[in-house]
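Q: next come a sequence and a model predicted from it.
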Amino acid sequence: MSDPAQEKDKAVQREISRRTIMSFSVFFVCMALGVFLFLKLYHEPASADNVQPTLRTVFKTNEKLFSLFYSKIRQARSFKKKDAVPNARVNGDVGMGGTLDTSWRLKVVRKPGDTLVLTLDDIKALPKTEVVFDFKCVEGWSQVTYWGGARFSDFLQKYNLVSQSTMKYVGMITPDGTYYVGNDMPSMMQPQTLLCYELNGKPLPQNQGYPLRLIIPVKYGIKHLKRIGIMYFSNEKPKDYWAEQGYDYYSGL
Ligand SMILES: Nc1nc2c(c(=O)[nH]1)N[C@H]1C(S)=C(S)[C@@H](COP(=O)(O)O)O[C@H]1N2
Ligand SMILES: [Mo]
């Protein structure tokens with residue numbers, strides 16, 4: 001007769017080996033799968049928009065999810081003025097050649113062939129809104145910065161751009177046409193989105209977008225176009241400098 005205690009020990013040993021073999025098998029299968037998927041993605045040719053179709057699908061899925069959860073009251077976290085850095089970093093100089101003066105005009109294309117031309121004083125005539133938020137760049141840095149300007153939503157109302165506000169996107173282009181972005185209307189209408197003309201309570205420095213730039217705290221830095229020349233409205237995605245280089249079009253935070 002065998003000892004029941006010994007039998008039990010053997011059963012436990014068998015179970016331990018079984019589980020060990022299982023664990024290692026699962027581990028190797030997962031690792032092989034990971035390596036396989038990585039190589040597949042790595043060798044996948046980029047499509048016309050400079051990014052692999054699989055990655056673009058991930059971007060688009062994220063965009064759908066974020067839009068789904070996006071609510072009009074969602075805001076970027078606000079900070080106190082004293083938390084803002086005194087010398088905000090300067091980043092990106094595409095379309096920023098030369099200096100601008102008061103001869104600058106904002107061209108608002110209401111519809112093709114119908115352009116409204118505005119001065120900086122026209123923008124300043126709107127109520128001033130201040131925003132202190134954590135400005136984030138896709139390069140990996142962020143800074144709390146303090147901006148002032150007119151709410152984009154106030155601007156649309158004041159200049160009777162009501163039918164335009166039902167379109168899906170707003171496009172912006174620098175006066176020289178070399179930097180351009182597109183932003184979705186819900187993000188543009190968010191109350192912290194500014195046509196901005198002040199940094200730290202003073203007029204914008206030339207290299208940070210004098211006389212007028214976009215501040216859109218629910219987006220990464222790439223979407224905050226400096227030195228607005230032309231603005232237009234569209235139901236198709238406006239052309240976008242960094243999206244053309246393969247970056248996420250939505251670039252939401
Ligand atoms: N015209 C123009 N606007 C631009 C850029 C640019 O190269 N040209 N760079 C963008 C990027 S990547 C960032 S992070 C912010 C930086 O704004 P700042 O110089 O005020 O810090 O501007 C954005 N707007
Ligand atoms: Mo950036």
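A: Structure's in. What do you need? Ligands and ions are numbered 1, 2, ... in the order given.
Q: distance between stretch 112-119 and the chain's centre?
A: Chain-centre distance of stretch 112-119: 27 Å, with C-alpha atoms, centre = their mean, to the nearest Å.
Q: may I see the buried residues of that stretch?
A: By neighbour count on 16 or more other C-beta atoms under 10 Å, the buried set for stretch 112-119 is residue 118. For every residue, glycine as well, the C-beta is placed using N, CA and C.
Q: contacts only, for residue 100.
A: The contact partners of residue 100, taken as C-beta atoms under 8 Å, 6 or more residues apart in numbering, are 175, 206, 210, 211, 227.
Q: which helix or strand contains residue 33?
A: Per DSSP states H and E: residue 33 is located in helix 4-43.
Q: farthest-apart pair in the contacts of residue 100, please.
A: 175 and 206 (12.7 Å; C-beta to C-beta).
Q: who touches the helix or strand of the chain with the lowest mean pLDDT?
A: Lowest mean confidence among the helices and strands of the chain (mean pLDDT, DSSP states H and E): helix 53-69, at a mean of 82. Applying C-beta under 8 Å, 6+ apart, the external contacts of helix 53-69 come out as 41, 44, 47, 49, 51, 184, 186, 248, 249, 250, 252.
Q: looking at those residues, which one is closest to residue 7?
A: residue 41 (51.1 Å).
Q: just checking, that closest one touches residue 51?
A: No - applying C-beta atoms under 8 Å, one finds residue 41 not in contact with residue 51, separated by 11.0 Å.
Q: higher neighbour count, the two?
A: residue 51 (19 against 12; other C-beta atoms under 10 Å).
Q: surely that one meets residue 246?
A: Yes - taking contacts as C-beta under 8 Å, residue 51 lies within contact range of residue 246: 3.9 Å.
Q: could you check how far residue 248 is from ligand 2?
A: Using C-beta to the ion, to the nearest Å, residue 248 is found at 12 Å from ligand 2.
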